[in-house]
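Participant: Pasting a predicted model and its sequence here:
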Amino acid sequence: MIKLSLITGFLSKTKDRFHEYNKALSLDEKLDLMTTIEGFKGVELVYPYEVQDAAATRKSVESRGLQIAAVNVNVKGEPEFVSGGLTSPDAEVRKKAISYLKKSKDFAKAAGADKVTCCPLGDGYEFVFQYDYRASWRHLVDAFSDADSYLPEIKMFIEYKPSETRGTCFVDRASKALLLIKETGGKNLGVTVDFGHSVYGGENPAEAVALIADAAVPIYAHINDNDGKWDWDYFCGTKHFLEYAEFIYYLRKVGYADWLTSDTSPTRWDVRRTFEANGRMTTRLWDFFGEAGQAEIDKLMKLDYLDRWEWIEKTFLGPFGGSRRG
């Protein structure tokens, strides 16, 4: 059964370099809005800037019939982290950043969540000869190894991204996230695959899912879309429909049973309707790729690709995909 959630920060005011969008809402107001969005029952909450009191947060979420899909720990916002937190050359800064990872696990456990996701966006570089790559990588390994061993019942997922806030993030693709996990030796670490991050990083998101699953590493999925040039967080299928369909197909194929969390920014579009568009698209694809759909594609995989492409035309392009032969 599909489980839809969203990052609650996108229900409130957001901004880019030039504009602000939507109005600022308290956590309770965001959760109230959540209850009006059809199909969504999960929330991903940002710690520590959105939530701090675990007991109060749990009460607010559960009283509305919602669940916490994940806690998103932010390790980039503090002034000390401006040039990297987990990879800072300063041992005291690294210690503070690691404490955020551990405290987020404390919060998650107390709030009733089973996982924390972390995207180390402040850890990276812009120029040549700017950082000692080996030392920075070792700091990342040490940080996530430390976080892995703390409260092992709460899994930590590493979210990779090509850039932002750094010109190049140290953990910028699925293979690097897997290497990082391997080097930690951690048993309670996973990878957050953000569809849009994968696309604009030059990956095939479906292949990333297959690679991570084959390594027997847990997956947590963020859903959205972009133009392949930047992380615009558009709603699903608007730029890469067939790639998104294949992404959902492979999630089902590898037995994914966790939340599908909208990391989508409404900006100029109605907040509720934007997330409902994500829900409709994702649910239709998820249902389509059930047991019968899986079996049909497995059979098609044995045929010539042009036969497969004709099936794609008929299946996904509707009246425009019919055959002209005969």
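Facilitator: Arrived safely.

Participant: Please count neighbours and contacts with C-alpha atoms only from this point.
Facilitator: Will do.

Participant: and after the longest helix anywhere in the chain, which helix or strand comes next?
Facilitator: Scanning the chain for the longest helix, with DSSP state H as the assignment, gives helix 91-111. Stepping forward along the backbone from helix 91-111, the first helix or strand reached (DSSP states H and E) is strand 115-118.

Participant: where in this protein is pLDDT low?
Facilitator: Residue ranges of the chain with pLDDT under 70: 321-326.

Participant: in it, which residue is closest to the centre?
Facilitator: Computing the C-alpha centroid of the chain and ranking residues by C-alpha atoms, centre = their mean puts H222 first, at 3.0 Å.

Participant: list the contacts for that one?
Facilitator: T192, V193, D194, F195, L260, T261, S262, D263 (C-alpha atoms under 8 Å, 6 or more residues apart in numbering).

Participant: For the longest helix of the chain, could you pull out the residues that count as buried?
Facilitator: 93-94, 96-109, 111 (16 or more other C-alpha atoms under 10 Å).

Participant: What segments of the stretch 1-150 of the chain are helices?
Facilitator: Using DSSP state H, counting those that start in this stretch, the helices assigned to the stretch 1-150 of the chain run over residues 27-34, 54-62, 91-111, 133-149.

Participant: So for E243, which of those sits nearest?
Facilitator: When the helices of the stretch 1-150 of the chain are compared by C-alpha to C-alpha, helix 27-34 sits nearest E243, at 27.9 Å.

Participant: quick one: buried residues of that closest one?
Facilitator: For helix 27-34, the buried set under the neighbour-count rule, 16+ other C-alpha under 10 Å, comprises L27, K30, L31, L33, M34.

Participant: Repeat that for stretch 197-208.
Facilitator: The neighbour-count check on stretch 197-208 (16+ other C-alpha under 10 Å) flags H197, S198, V199, Y200, G201, E203, N204, P205, A206, A208 as buried.

Participant: Stretch 308-322 now?
Facilitator: Under the neighbour-count criterion of 16+ other C-alpha under 10 Å, stretch 308-322 has W311, E313 buried.

Participant: Neighbours of V75, how many?
Facilitator: One way to gauge burial is a neighbour count; for V75, by other C-alpha atoms under 10 Å, it gives 26.

Participant: returning to what we had before: off-centre distance for the longest helix of the chain?
Facilitator: Chain-centre distance of helix 91-111: 20 Å, with C-alpha atoms, centre = their mean, to the nearest Å.

Participant: now it and helix 133-149, what's the angle there?
Facilitator: For the pair helix 91-111 and helix 133-149, the angle between their directions (axes from the mean of the first three to the mean of the last three C-alpha atoms, to 10 degrees) equals 30 degrees.

Participant: Mind giving me the packing neighbours of helix 91-111?
Facilitator: Using 3 or more C-alpha pairs under 8 Å, 6 or more residues apart in numbering; DSSP states H and E as the contact test, the elements touching helix 91-111 are helix 54-62, strand 67-73, strand 115-118, helix 133-149.

Participant: Please consider this matter closed, and thank you.
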